[in-house]
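# turn this into a structure:
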Amino acid sequence: MCVMQWIAPSEKDAASTSLEKRLWDAADQFRANSGLKAQEYSGPILGLIFLRFAEVRFAI
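Numbering: from 1, shown residues only. This next block holds a predicted model:
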């Protein structure tokens, strides 16, 4: 017989959940205010991801 026990989330889990919620809220706001169609949405997002990568990669 298997007994499941509830384990309280750690602070790190709570911080990750908070960050995830903020990211989803920002993405929802971007979609709502951009006027882009679903198939056009990836362009700006991939550009932002690339800029972040370049910033981290080439930081002095």
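# could you export the helix or strand bottoming out on mean pLDDT in the chain as CSV, CA atoms only?
The helix or strand of the chain with the lowest confidence, counting by mean pLDDT, DSSP states H and E, is helix 11-34 at a mean of 79. Presented in CSV, the C-alpha positions along helix 11-34 are these (Å, rounded to 0.1, in the frame of the first residue of the first chain):
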residue,chain,number,x,y,z
GLU,A,11,11.1,28.9,-1.4
LYS,A,12,12.8,28.1,-4.7
ASP,A,13,9.6,26.4,-6.0
ALA,A,14,7.6,29.4,-4.9
ALA,A,15,10.0,31.8,-6.6
SER,A,16,9.9,29.7,-9.8
THR,A,17,6.1,29.7,-9.7
SER,A,18,6.1,33.5,-9.3
LEU,A,19,8.6,34.0,-12.2
GLU,A,20,6.6,31.6,-14.4
LYS,A,21,3.3,33.5,-13.6
ARG,A,22,5.1,36.9,-14.4
LEU,A,23,6.4,35.5,-17.7
TRP,A,24,3.0,34.1,-18.8
ASP,A,25,1.3,37.4,-17.8
ALA,A,26,3.9,39.3,-19.9
ALA,A,27,3.4,37.0,-22.8
ASP,A,28,-0.4,37.4,-22.6
GLN,A,29,-0.1,41.2,-22.5
PHE,A,30,2.3,41.1,-25.5
ARG,A,31,-0.1,39.0,-27.5
ALA,A,32,-3.1,41.1,-26.6
ASN,A,33,-1.4,44.4,-27.5
SER,A,34,0.7,43.4,-30.5
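# which helix or strand lies directly C-terminal to it?
helix 42-57 (DSSP states H and E).
# next, the angle from that following helix to helix 11-34.
Helix 42-57 and helix 11-34 are oriented at 140 degrees to each other (axes from the mean of the first three to the mean of the last three C-alpha atoms, to 10 degrees).
# who touches helix 42-57?
Residues outside helix 42-57 that contact it (C-beta atoms under 8 Å, 6 or more residues apart in numbering) are 30, 34, 36. C-betas here are computed from N, CA, C, even on glycine.
# thanks a lot, catch you later.
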